[in-house]
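Visitor: sequence first, predicted model second:
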Amino acid sequence: MPSAKAKKTSRTNATGVPRPPKGPNGGIELLLIQSVDHLGKQGEVVEVKPGYANNYLLPQGLATIASEHHKRMVDKHKAKLKEIEKSRLKDLSELSALVAKQSITIEANANDEGHLYGSVGAADIVNAMKQNDIYLTNDQIRLEGVLKELGLYTVKVHLHQEIEADLKVWVVPTVDADSAEK
């Protein structure tokens, strides 16, 4: 009687690379290396769709495969990670306080009724903040649409999941050299 070999299920793909562990909902289980907005905090195990994992989280270095080895390593270094995050939050809180004290002025071409010929967007606000030696990115500026009129606006600056600041932005008409001499 020939011996029947039990078919062994392999956890590797055709190239010999181990497959990522599947979660209970059919997604891929990943361990977050850094906090990701709307997903989770550093050190958490999350389940995401394969495309999100393979095209964004893994290539950007935001997550790694949630193997038992990686889970143990995170458990060992949890205190160190918390201390780093606490230091980062402290720095961002200081930046938030500094941003809240700022009031920037942006000159724009406008008609007599105060409507701008163009608009003021996040890039203009970031450039104005650079002049004050505060470096932000366009995606940190949270506008509810572009600014199309002269006036004072309060703009939200999103620095972290837990930290936001309000920035005062004055949009004023451009002063022409000809009208300044009169």
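Guide: Nice, I can see it.

Visitor: spatially central residue in this structure, please.
Guide: D37 (6.4 Å; C-alpha atoms, centre = their mean).

Visitor: distance-wise, check that residue relative to G145.
Guide: According to C-beta to C-beta, to the nearest Å, D37 and G145 sit 21 Å apart. Where C-beta positions appear, they are placed from N, C-alpha and C, glycine not excepted.

Visitor: again, but for L95
Guide: Counting by C-beta to C-beta, the gap from L95 to G145 is 25 Å.

Visitor: and the chain, what are its domain boundaries?
Guide: 28-76, 90-181 (automatic domain parsing).

Visitor: can you get me the start-to-end distance on the shortest one?
Guide: It refers to domain 28-76. Terminal residues of domain 28-76 lie 23 Å apart, using C-alpha to C-alpha, to the nearest Å.

Visitor: what average pLDDT does that domain get?
Guide: What domain 28-76 shows for mean pLDDT is 86.

Visitor: could you check how far the residue nearest to the centre of the chain is from L92?
Guide: For D37 relative to L92 (C-beta to C-beta), the value is 14 Å.

Visitor: how about D166?
Guide: 15 Å.

Visitor: likewise K86?
Guide: 11 Å.

Visitor: longest helix in this structure, please.
Guide: In the chain, taking DSSP state H as the definition, the longest helix is helix 78-101.

Visitor: residues contacting L62?
Guide: L62 is in contact with 32-34, 36, 56, counting by C-beta atoms under 8 Å, 6 or more residues apart in numbering.

Visitor: how many neighbours does S103 have?
Guide: For S103, the count of nearby residues is 11 (other C-beta atoms under 10 Å).

Visitor: and for the one 3 residues further on?
Guide: By other C-beta under 10 Å, 16 other residues sit near I106.

Visitor: partners of it in the sheet?
Guide: Going by DSSP bridges, I106 is paired in beta bridges with V171.

Visitor: now do the helices in the protein.
Guide: 50-52, 68-76, 78-101, 122-130, 177-181.

Visitor: quick one: which of the ones you listed is nearest G114?
Guide: Among these, helix 177-181 comes nearest to G114, with 16.3 Å by C-beta to C-beta.

Visitor: and the gap between R142 and L167?
Guide: For R142, the distance to L167 - C-beta to C-beta - is 10 Å.

Visitor: kindly report the same for S103.
Guide: 8 Å.

Visitor: who touches N25 in this structure?
Guide: Taking C-beta under 8 Å, 6+ apart, one finds E47 in contact with N25.
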